[in-house]
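J.: Fold the following and give me the result.
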Amino acid sequence: MFFLRSLFSKTPKLTASEILKKISLFAELEAVTPHTKAAILLSPDDREFFRDLHNTVIHLMDQTKNPPQFKLGSDDHGTKWIILEKAPFHDLVTAIDDISAAIWVQETGDRMIAAIFKGTFEKEESYWICNYRTARFYPFIPEKKTESNEDHNMAPASRGRNHEKEMALGQLFRSSGLPVETPENWFALWDAPF
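T.: Below you'll find the model as predicted:
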């Protein structure tokens, strides 16, 4: 399990099933509720892999056990999203792992930015982001929209984050045995397409 092993490279005694169990156990905590969507964030280049990304992902899904449904997304930064949906959390983690390994084998692993899981934490929508470069998790919790910030097209500087809950979620990651990114590297994912 490429993605999962990369997270725990400093603890090689853990088996793939033990790693999967840690992530799954985190998702079963009372304070969190995983959603049925996850994504892989990519920085495309001119390689063949990205020229027909839709068919490339179909091929990757054919190699995945119990593949979830997927769709592609993009954002204003030129990044591409492989969005997996309508699957139990355990299956999403497994699919992220399988697809990440397949991308790595095709020598495009350097274009993977993050694996992103969506859920709620203490009733707030949250994103559980794993930075592929550092193999560490961090939270992103956008503040709930109010009448003053309902415009989805606002500049990110005018939008807020719930830093207090992000710190609490980061601590929950740690106490669950997940590796955690340093807080100064907890980057926002405004307008994530899922």
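J.: Only C-alpha atoms from now on, for both contacts and neighbour counts.
T.: OK.
J.: Mind checking what secondary structure the closest residue in space to Lys65 that isn't next to it in sequence has?
T.: Once flanking residues are discounted, Lys65 sits nearest to Ala95: 7.4 Å by Cα to Cα, 6 or more residues apart in numbering. Local secondary structure at Ala95 is given as helix here, using DSSP: H, G, I helix; E, B strand; the rest coil.
J.: ok, Ala95 to Glu125 distance?
T.: Counting by Cα to Cα, to the nearest Å, the gap between Ala95 and Glu125 amounts to 22 Å.
J.: picking up where we left off before, give me every residue that touches the residue nearest to Lys65.
T.: When the contact criterion is Cα atoms under 8 Å, 6 or more residues apart in numbering, the partners of Ala95 are Thr64, Lys65, Asn66, Pro67, Pro68.
J.: For the residues you listed, which entry has the maximal number of neighbours?
T.: Pro67 (21 neighbours; other Cα atoms under 10 Å).
J.: Look up phi and psi at that one.
T.: Backbone geometry at Pro67, expressed as degrees, to the nearest 10, gives phi -70, psi 140.
J.: Quick one: mean pLDDT over stretch 34-50.
T.: Model confidence over stretch 34-50 averages 92 on the pLDDT scale.
J.: Quick check: end-to-end length of it?
T.: The straight-line separation of the ends of stretch 34-50 (Cα to Cα) is 29 Å.
J.: from the chain's centre, how far out does that stretch sit?
T.: 10 Å (Cα atoms, centre = their mean, to the nearest Å).
J.: Outside of it itself, list whatever touches it.
T.: The set of residues external to stretch 34-50 that reach it, using Cα under 8 Å, 6+ apart, is 27, 56, 78-89, 92, 96, 106, 108, 111-120, 194.
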